[in-house]
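Student: I would like to see how this sequence folds:
(one chain, ligands or ions: 2)
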Amino acid sequence: MNKQELEKIKQQALEDHIPIIMDDTLEVVAKILQEVKPIRILEIGTAVGYSAICFSEYLKEDGRIDTIEREEERAKQARENIKKVEVEKKIQIYEGDAVEILPTLQESYDVIFIDAAKGKYPFFLEQALRMSHQGTVIIADNVLYKGYVMSDYNKHKQRTAVRNLREYIANITNDTNLETEILEVGDGLAISKVN
Ligand code: SAH
Ligand code: MG
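Tutor: Ligands and ions are numbered 1, 2, ... in the order given. Model (predicted):
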């Protein structure tokens with residue numbers, strides 16, 4: 001992979017205020033990927049493809065990433081970016097709302113990365129569990145949402161997001177089939193391993 005191009009993609013995304021994965025979060029996810037050695041990864045929330053490109057380095061030979069993005073302009077940018085770093089054979093971009101696309105997927109994934117609309121996390125979890133097997137790791141970014149999730153924050157437009165993130169955390173914590181860890185890294189990272 002072309003590391004110089006990747007760095008350019010990262011800098012451009014930061015400049016454009018696209019919420020790409022934070023460095024310390026990426027470090028944690030990379031460690032998990034090194035352990036799991038996934039063949040199939042599902043990502044919800046492609047943005048401009050930065051995280052998918054980073055993850056593609058840890059795929060087993062012939063492995064592939066499916067990633068979903070609902071904003072046309074970002075999906076287009078992501079397609080251009082994955083070509084630039086020459087990983088287009090490893091990453092399949094689905095353009096559209098994950099709420100509609102996920103139920104149409106009938107695959108089994110080794111790692112699932114949830115990084116999209118916070119208000120939809122409980123639904124994304126349901127779908128992730130449906131496409132999991134023993135050993136699948138479900139990772140959700142931004143679960144602590146700047147700390148709002150842990151405070152009595154209850155205001156305005158973030159309210160639905162906060163309620164749904166709390167529901168997500170409750171669901172992964174109460175599911176006895178999952179082994180869950182929540183890290184304060186980045187904006188909060190939930191890691192759930194399927195038993
Ligand atoms: N994973 C990316 C960052 C994703 S930012 C990275 O680290 O590089 C979140 C993205 O999810 C945004 O581009 C947004 O358009 C997309 N998104 C939000 N809700 C979505 C949904 N319901 N379906 C598909 N994409 C969604
Ligand atoms: Mg994120």
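
Student: so Pro19: helix, strand or coil?
Tutor: coil (DSSP: H, G, I helix; E, B strand; the rest coil).

Student: that one and ligand 2: what is the separation?
Tutor: 5 Å (CB to the ion, to the nearest Å). From N, CA and C alone the C-beta is placed, and that goes for glycine too.

Student: now do the contacts for that residue.
Tutor: Residues in contact with Pro19, defined by CB atoms under 8 Å, 6 or more residues apart in numbering, are Ala47.

Student: how about 10 Å then?
Tutor: Counting by CB atoms under 10 Å, 6 or more residues apart in numbering, Pro19 touches Ala13, Gly45, Ala47, Tyr50, Asp115, Asp141, Asn142, Asp187.

Student: now Phe124
Tutor: Applying CB under 10 Å, 6+ apart, one finds that Phe124 lies in contact with 42, 44-45, 68, 98-99, 102, 112, 114-118, 138, 140, 164, 168.

Student: using CSV, lay out the contacts of Pro19 together with secondary structure.
Tutor: Shown next, in CSV, are the contacts of Pro19 (three-state DSSP):
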residue, secondary structure
Ala13, helix
Gly45, coil
Ala47, coil
Tyr50, helix
Asp115, coil
Asp141, strand
Asn142, coil
Asp187, coil
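
Student: what subset of these is also close to ligand 1?
Tutor: For ligand 1, the contacts drawn from these by CB under 6 Å from any ligand atom are Gly45, Ala47, Tyr50, Asp115.

Student: of the residues you listed, list those near ligand 2.
Tutor: Counting by CB under 5 Å from the ion, Asp115 from the ones next to ligand 1 among the contacts of Pro19 sit close to ligand 2.

Student: just give me the closest of the ones next to ligand 1 among the contacts of Pro19 to ligand 2.
Tutor: Nearest to ligand 2 among the ones next to ligand 1 among the contacts of Pro19 is Asp115, at 4.3 Å by CB to the ion.

Student: quick check: closest non-adjacent residue to that closest one.
Tutor: Gly45 (3.9 Å; CB to CB, 6 or more residues apart in numbering).
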